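Asks: Sharing a model prediction with you, sequence too.
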Amino acid sequence: MHYWGQKKTRKPTETLQYKHFFSCHLPSVSKGFIKGDTLRLLRTNSSKTLVEEMIKNFKKHPQKRSYPERFMQNTLEEVNFEDRKLALQQKHGENK
């Protein structure tokens, strides 16, 4: 789908597989997967409409691995399109 000359893309190696929510990992690991992938969508797309659509589609994959809706929503609320400029300025490894 195209928005204002933009095309949403996904790497050919992307399998959209996530660890099961109730596996033996700290909750922060699950949160990190969700937040990290959402930030990637935010950084790689300049259209708010496209970002919102991609996040909506993205949510389906962790939910298949028993990620609770409330957990997903709380984590996704930490990433806003309005913070995109800041996300673009942060270097890999910062804010840890």
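Replies: That came in fine, so what should we check first?
Asks: Of all residues in this protein, which one is nearest the centre?
Replies: Thr38 (1.8 Å; CA atoms, centre = their mean).
Asks: What backbone torsions are found at that one?
Replies: Torsion angles at Thr38 (phi, psi; degrees, to the nearest 10) stand at phi -70, psi -40.
Asks: you'd agree it is up against Asn57?
Replies: No - at 11.9 Å, Thr38 and Asn57 do not qualify as touching, with contact defined as CB atoms under 8 Å. Where C-beta positions appear, they are placed from N, C-alpha and C, glycine not excepted.
Asks: what about the protein, any weak spots by pLDDT?
Replies: Within the chain, the segments meeting pLDDT under 70 span 1-17, 90-96.
Asks: His61 touches Phe21, doesn't it?
Replies: No - using CB under 8 Å, His61 makes no contact with Phe21, being 12.0 Å away.
Asks: Which other helices and strands does whichever strand or helix holds Thr75 contact?
Replies: Per DSSP states H and E, Thr75 falls inside helix 69-76. For helix 69-76, the packing partners by 3 or more CB pairs under 8 Å, 6 or more residues apart in numbering; DSSP states H and E come out as helix 27-44, helix 60-63.
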